[in-house]
Structures are given as structure tokens and as C-alpha cells.
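K.L.:
sequence plus the predicted model coming up.
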Amino acid sequence: MDIVETQRLLANLLYSHWLSEELFSFSWFTIVIPMVVLSGMFVILVDKSRLRELILYGSILAVAYGLIYPIASTMTLWQFQNNLIPYALDLVPFAFIFHPILHIFAYQYASSWKSFAITNTISAGLFAFVALPVYVWLKVIQFYNWNYLYSFILAWGISFIARAVVIWLADIEQRHSTQPNQVSLSPRIQPAMKLLEDDENE
């Protein structure tokens, strides 16, 4: 049996298991409902005057987690036991919804590195020490060579790096803008000035 045929057989087995055991199960709804709630909160509460800035921050997080989750699964650090959709796309709710939205709110309500350290710690703590234990208990995810503290440190650290990248990019754009004290990313709110000046004033 060649590799392609083996992959096709595995895909069919995964789909059959997802259809019969995972879809519409209680654990499946514990993934779907928080996704819908968080997405709704994002639509309602996100600061739309800073939308592109916030989406950039969230996109950096999504890309980072989109790389980390498959690597971690391959290294058997953890494994998802229940998937939103079949074919090993288990990273979608966590990498592309939960982490970005939680940390976007942490970013949005912080005007300096000091306040961001507080809001980011709260967001990372809620995910690592509240949400993850529930998902482990529900057997949505299983840890092997991993624990909740590692998850907290990972979420906390990546969010700090993402904020630094956004500020760095905003600073570059501001310095190359043709209009003084104004960046082309958002002509109305000057995000680079806001980010940098607020940090300096703390």
C-alpha cells in the first residue's frame, strides 16, 4: 500500500470517527459554544476605531499558534481528542479563535506595557488555569509532556512578542509617513503615536 493510499484510508477513518463519535457530542458543543460567544463578544466589544491595529495583533497571534499547535501535536506534547471539524483541523478553535480574541481584549484595554502585563496575565491565566483544565476533564485535549504552567508561559510570552511587533511596525510606518505625526494605517487615530506615547507616559 503506497503512502497516498494510506493517507486516504486514514482520512476516511478520521472522518468516520468524527461523524459517529465527535460531531454533536457534549464535548463538541463545549468547543462550539465558547467560539460563538467569544466571536460575538469580539464583534460587539472590539474598538472599531482601532480595528486594523487589533486585527494585525490578533493575526500575529493566530500565525504563531497556527505554527506551534501542529508542531506540539507532532512532538506529542498534547493531542486533541475531539475536533470541531475532521481531518486534523483541531487547531482552529484554539489557535484562531480563543487565543487571538482573548489577547486582543487584553491588548485593547491596555495603554502601556505595565497595564498590558496585567491584562495579558489575566487572559493567559484564564486560558491556562480555567479553560484548559475543563477541556482536559472533558477529554477534548490530553496532555503528555505538557502542563498548565507551560501553557500559561507560552500564551503570556507570545502575546508580549506580538505587541512588541505591532509597536515596532507602527513606529516604522510613522517614521516613513508623508504626513507629520500621522500614519497611513489609520489616519484618524495615529496608532503608532498612541502606542508609543502612552507607554512613555506611564
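P.N.:
Yes, it's here.
K.L.:
and the longest helix for this structure?
P.N.:
Secondary structure of the chain per DSSP state H: the longest helix is helix 148-175.
K.L.:
can you give me the buried ones in that one?
P.N.:
Neighbour-count burial for helix 148-175 flags 148, 151-152, 154-156, 158-160, 162-163, 166-167, 169-170, 174 (criterion: 16 or more other Cβ atoms under 10 Å). (Each C-beta comes from the backbone N, C-alpha and C, glycine too.)
K.L.:
all helices for the protein, in order.
P.N.:
Per DSSP H, the chain carries helices over the ranges 3-17, 26-45, 51-74, 91-93, 99-108, 113-126, 132-137, 148-175, 191-201.
K.L.:
among those, which is the most enclosed?
P.N.:
Among the helices of the chain, helix 99-108 has the highest mean neighbour count (mean count of other Cβ atoms under 10 Å), at a mean of 24.
K.L.:
and S25, how far from N147?
P.N.:
From S25 across to N147, the span is 26 Å (Cβ to Cβ, to the nearest Å).
K.L.:
the two - which one has more neighbours?
P.N.:
Under the neighbour definition other Cβ atoms under 10 Å, S25 and N147 were set side by side, and S25 has more, 15 against 12.
K.L.:
so the more buried one makes contact with N83?
P.N.:
No - between S25 and N83 there is no contact under Cβ atoms under 8 Å: 10.6 Å.
K.L.:
H99 touches A124, doesn't it?
P.N.:
No - the criterion here is Cβ under 8 Å, and H99 misses it with A124 at 9.3 Å.
K.L.:
overlap of the contact sets of the two?
P.N.:
Counting by Cβ atoms under 8 Å, 6 or more residues apart in numbering, the residues touching both H99 and A124 are A155.
K.L.:
return the helix or strand in the chain with minimum mean pLDDT.
P.N.:
Within the chain, no helix or strand scores below helix 191-201, which has a mean of 49 by mean pLDDT, DSSP states H and E.
K.L.:
in the chain, where is pLDDT below threshold?
P.N.:
The chain contains residues with pLDDT under 70 at 1, 87-91, 178-202.
K.L.:
can you rerun that using 50?
P.N.:
Within the chain, the ranges that satisfy pLDDT under 50 run 182-193, 196-197.
K.L.:
I'd guessed F129 sits against Y148; true?
P.N.:
Yes - the criterion here is Cβ under 8 Å, and F129 meets it with Y148 at 5.7 Å.
K.L.:
please name the residues that touch I97.
P.N.:
M35, L38, S39.
K.L.:
try 6 Å this time
P.N.:
Residues in contact with I97 (Cβ atoms under 6 Å, 6 or more residues apart in numbering) are M35.
K.L.:
just N145 next, same as before
P.N.:
Counting by Cβ under 6 Å, 6+ apart, N145 makes contact with L77.
K.L.:
show me what contacts the closest residue to G58 other than its chain neighbours?
P.N.:
Spatial nearest neighbour of G58, chain neighbours left out: P100 (3.8 Å); criterion: Cβ to Cβ, 6 or more residues apart in numbering. Applying Cβ under 6 Å, 6+ apart to P100 gives the contacts G58, L61, A62.
K.L.:
same thing with S16?
P.N.:
Contacts of S16 by Cβ under 6 Å, 6+ apart: none found.
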